[in-house]
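Enquirer: turn this into a model:
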Amino acid sequence: MSTTLRPAGAWSFRKILLASDLLSLSLSFYLAYRLLPLVRPYLRPGPFELGPFSVHAWLLLIILPLWYLLLAHAGMYSPGRPTWSVQLVRLLRASTFGLAGVAALIFAFKLQEVSRLLVFSFCALSIPFVPLGRAIVLSLWEAHRSHAYNIARVLVIGSRERARDFIRQARADEQSCFQVIGCMDPELNGTTGQVEGVPLLGSTDHLREYLFSSPVDVVVFAMPLERLPQARSLLDATLELGLRVAILPDLYVHRMAFDLTHCQASFDLSFRYPMLVLSSVSRSPSYLVLKRTIDVLLSAFLLILLAPLFFLLAVLVKLTSPEGPVFYRWNVLGVNKKPFVSFKFRTMVPDAHQLRPHFLARNEMSGPVFKLRDDPRITRLGRFLRKYSLDELPQLYSVLKGDMSLVGPRPPFQEEADRYEFWQRRKLCIKPGITCLWQINGRSEIHSFDEWARLDLDYIQNASLWLDCKILLKTIPAVFRGRGAY
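Expert: Numbering: from 1, shown residues only. Purely as a prediction, here's the structure:
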């Protein structure tokens, strides 16, 4: 977690890059439209009519937010400045996914008036234009931020560990737009010297006079306010002059030698109280938004596309087992054990749950989950549905509702979750899904719940858009090969 102080009204580094990328992408699209008619005759002789720009311009409403999400997920807006080669690799990856997404949209909605060659040309032009635009904009931004009026002058209140750590971090941050001009401390009493190379300016008794007579933009209180005499009056005086105040709390994280390497740290204002939030699970907003967008679009598309199959399977379930309902109400647990109801096509006899205690001794899965290859409670049609995972298709409705995702750990029953070991409980920290690493690694051949749990935890640790797409693509052949649950 870093502290960034900027002059009021200044744009952040992330917004600068975002504005540059959106401009470069828009320019790439327009140039592709203008240049394509000139280049097309050399690629394939013959008549070529691209149509008016307005026919294609609406694509920018999809391209710009889609590319932003892909670039953000690729780390193009992360702190720090990676090398141009690293940025190029990230851009190529994002453009590949973007091209595939737009092509799928054109194919799904049969947009014959949209030129596929135009979309491909746009992607090709964006690859050099985005880095070039960044280079130009960043050079202008560096010139702007180096101006004296755009560098915030910071006065630090405090001279001990908290203040020293802040000054060290300030010097290490290459993107910071501020300069620490000195320190004040209520216990100095005329002491002179330096703190991490920053001059000591005296006691806080003279803070009002110093702020009145010296150029200061921000006052950072890097010490406990209860140890600062007349803290309220000093804060009021700073704010009365129109200066900004930053209060640096002692969060004790480093004192406990807590390693933040594998954690995300953020500052939250929930309940109107500032809190440091630590999380060992990646919750990148761009990834979550893009993942949810894919869930909604793909589940809605599949529900419409597979509606005839749903009807056929529902009729077959009722004809082959008329005593019970068509759908099995699946009362399971979601994120952090929040209960929800999902649905599957019923594959067992109506009283299967009451018969389960009679077969527990034959359980073939170690741990809290019950699995039996030749379970006599399964109907003949149910075996077919399970083999090809057709019974799980109604879960697409749960994905559309938001209870589940396309990719994620399988949701457990309450009685299963109650028997988890402590480390296995981590499976429930993200939204459950229809498919995951367990499904594509031969779930019928896995007999250890520990191994199953480790696969789910591997996914949670490495979750990304690329991994989600990889799992979805591998699920398709796994389903057709009949590697479903027994």
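Enquirer: in contact with I16, which residues?
Expert: Contact analysis of I16 by CB atoms under 8 Å, 6 or more residues apart in numbering lists V137, L138, W141. All C-beta atoms are positioned from the backbone trio N, CA, C, and that covers glycine.
Enquirer: quick check: L18 touching Y77?
Expert: Yes: the pair L18 / Y77 is scored as a contact, 6.7 Å apart, by CB atoms under 8 Å.
Enquirer: report the buried residues of whichever strand or helix holds F29.
Expert: Following DSSP states H and E, one finds F29 within helix 13-43. By neighbour count with 16 or more other CB atoms under 10 Å, helix 13-43 contains the buried residues 13, 16-18, 20-22, 24-26, 28-30, 32-33, 36, 40.
Enquirer: and the strands in the stretch 351-486 of the chain, which stretches?
Expert: With DSSP state E, counting those that start in this stretch applied, the stretch 351-486 of the chain shows strands at 405-407, 433-435, listed in chain order.
Enquirer: which stretch among these comes nearest L155?
Expert: Distances from L155 to each of the strands of the stretch 351-486 of the chain were compared using CB to CB; the minimum, 48.5 Å, belongs to strand 405-407.
Enquirer: what angle do the helix or strand hosting I62 and helix 13-43 make?
Expert: Assessed by DSSP H and E, I62 sits inside helix 60-73. Comparing the axes of helix 60-73 and helix 13-43 via axes from the mean of the first three to the mean of the last three CA atoms, to 10 degrees yields an angle of 120 degrees.
Enquirer: who are the packing partners of helix 60-73?
Expert: On a contact count with 3 or more CB pairs under 8 Å, 6 or more residues apart in numbering; DSSP states H and E, helix 60-73 meets helix 13-43, helix 84-108, helix 285-305.
Enquirer: tabulate those helices (TSV), appending mean pLDDT and distance to L465.
Expert: Shown next, in TSV, are the helices and strands packed on helix 60-73 (pLDDT from 0 to 100; distance: least, CB to CB, whole Å):
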stretch	mean pLDDT	distance to L465
helix 13-43	86	18
helix 84-108	87	7
helix 285-305	91	6
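Enquirer: would you mind giving those helices as TSV with distance to F449 added?
Expert: Written out in TSV, the entries for the helices and strands packed on helix 60-73 read as follows (distance: least, CB to CB, whole Å):
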stretch	distance to F449
helix 13-43	42
helix 84-108	34
helix 285-305	26
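Enquirer: which segments of this protein make up each domain?
Expert: 13-145, 151-250, 285-480 (automatic domain parsing).
Enquirer: those into a markdown table, with extra columns for distance to Q264?
Expert: Output for the domains of the chain, formatted as a markdown table (distance: least, CB to CB, whole Å):
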| stretch | distance to Q264 |
| --- | --- |
| domain 13-145 | 12 |
| domain 151-250 | 18 |
| domain 285-480 | 11 |
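Enquirer: show me what contacts the closest residue to L290 other than its chain neighbours?
Expert: Distances taken as CB to CB, 6 or more residues apart in numbering place L69 nearest to L290, at 4.4 Å, with adjacent residues excluded. For L69, the set of contacting residues under the criterion of CB under 8 Å, 6+ apart consists of S286, V289, L290, T293.
Enquirer: burial of the last one, as a residue count?
Expert: Right, the one you point to is T293. Neighbourhood size, T293 [other CB atoms under 10 Å]: 14.
Enquirer: contacts for stretch 214-221, please.
Expert: For stretch 214-221, using CB under 8 Å, 6+ apart, the contacting residues are 5, 7, 152-158, 166, 178, 181, 207, 210-211, 228, 231, 235, 238, 243-248.
Enquirer: just the buried residues of the residues you listed.
Expert: For the contacts of stretch 214-221, a neighbour count by 16+ other CB under 10 Å gives the buried set as 5, 7, 152-158, 166, 178, 181, 207, 210-211, 228, 231, 235, 238, 244, 248.
Enquirer: rewinding a little: nearest to S366, out of the helices and strands packed on helix 60-73?
Expert: When the helices and strands packed on helix 60-73 are ranked by distance to S366, counting by CB to CB, first place goes to helix 285-305 at 31.6 Å.
Enquirer: show residues contacting the closest one.
Expert: Where contact means CB under 8 Å, 6+ apart, the residues beyond helix 285-305 that reach it are 68-70, 72-73, 108, 310, 393, 396-397, 399-400, 402, 405-407, 463-465, 468.
Enquirer: now do that helix: distance to the chain's middle.
Expert: The chain centroid and the centroid of helix 285-305 are separated by 14 Å under CA atoms, centre = their mean, to the nearest Å.
Enquirer: for that helix, which residues meet the burial criterion?
Expert: So for helix 285-305, counting by 16+ other CB under 10 Å, buried means S286, Y287, L288, L290, K291, I294, D295, L298, S299, L302, L303.
Enquirer: any idea which of the residues you listed is closest to I63?
Expert: Set against I63, the nearest of the buried residues of helix 285-305 by CB to CB is L290 (14.1 Å).
Enquirer: pLDDT weak spots in the stretch 51-200 of the chain?
Expert: Low-confidence segments of the stretch 51-200 of the chain, defined by pLDDT under 70, span residues 79-80, 144-150, 173-176, 189-191.
Enquirer: show me where it has helices.
Expert: With DSSP state H, counting those that start in this stretch applied, the stretch 51-200 of the chain shows helices at 54-57, 60-73, 84-108, 116-145, 161-172, listed in chain order.
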